[in-house]
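A.B. asks: heads up, no residue letters with this:
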């Protein structure tokens, strides 16, 4: 089985992010594999262990993404591909990423593509479905269980607090939701092996793409932090007095009644 994982390098949300002049300051920021993509990596490795085959992890970005690709290799992926668009594209968006990925994947023998449900930096959830549409294959998002029997696939996914069961066939693209699995930590032997695993670097020219082919369809005007909220107020005294004070505050301060 040929499994491809779509991976993105994102900011570590546990670190402090600094926004200056309408942009995130990357100097000194910590970067990690997008957490939802970690579920995708883990599921791909588990499927390889169960059914055999090969797992290739792919990212679109810059040379800085090599660290995250090596981490995926250390977890158990077999190959990595970095599609470097740093010199060709400025201000790419989800269309850019999906167009580049689809162009690469259409030349591969693909059985299954797994990506994260969303990226924690943008949260659009568009790349996976866009890639599937460009490849003209089925896709299922926010999956929490995946079973494969030959070319037949049974999937469970989150839907408004309930679970939906879907049956389909390979080739297929799915996006991973929290609860699908528990990603493993790279072992020391895995880290050592990752240094020798193949990591290929491609550019737009290698994919027969021009800059105009992947030009962004959207533009980010400004990035800013949410406004700080005022501290909450604790009401004290008898319950009746608290109710009166609450109604008064809702009328005079919150101005909602």
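C.D. replies: Sure, I can see it. Since we're looking at a predicted model, the values are computed, not measured.

A.B. asks: can you pull the contacts of the closest residue to residue 221 other than its chain neighbours?
C.D. replies: Spatially, and ignoring its direct neighbours in sequence, residue 221 is nearest to residue 22 (7.6 Å; Cβ to Cβ, 6 or more residues apart in numbering). C-beta here means a position set from N, CA and C on the backbone, and glycine is covered the same way. Neighbour list for residue 22: 221, 222, 223, 224 [criterion: Cβ atoms under 8 Å, 6 or more residues apart in numbering].

A.B. asks: Would you mind confirming that the last one makes contact with residue 17?
C.D. replies: The reference is to residue 224. No. If you go by Cβ atoms under 8 Å, residue 224 and residue 17 don't touch, sitting 11.4 Å apart.

A.B. asks: Can you pull out the low-pLDDT segments for the protein?
C.D. replies: Across the chain, nothing is flagged by pLDDT under 70.

A.B. asks: Show me which positions of the longest strand anywhere in the chain end up buried.
C.D. replies: If you go by DSSP state E, the chain has its longest strand at strand 139-149. Under the neighbour-count criterion of 16 or more other Cβ atoms under 10 Å, strand 139-149 has 139, 140, 141, 142, 143, 144, 146, 148 buried.

A.B. asks: Run through the residues that contact the fourth one.
C.D. replies: Listed by Cβ under 8 Å, 6+ apart, the contact partners of residue 142 are 117, 157, 158, 159, 175, 177.

A.B. asks: Quick check: closest non-adjacent residue to residue 54.
C.D. replies: Spatially, and ignoring its direct neighbours in sequence, residue 54 is nearest to residue 78 (4.8 Å; Cβ to Cβ, 6+ apart).

A.B. asks: PyMOL command for the buried members of the contacts of residue 142?
C.D. replies: Those of these that count as buried under 16+ other Cβ under 10 Å are selected in PyMOL with:
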select buried, resi 117+157+158+175+177
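
A.B. asks: The contacts of residue 142: which two are farthest apart?
C.D. replies: Greatest spatial distance among these (Cβ to Cβ): 159 and 175, at 13.8 Å.

A.B. asks: Identify each of the strands in the stretch 101-250 of the chain and give its residue range.
C.D. replies: Taking DSSP state E, counting those that start in this stretch, the strands of the stretch 101-250 of the chain run over residues 112-116, 139-149, 152-159, 162-169, 172-176, 199-202.
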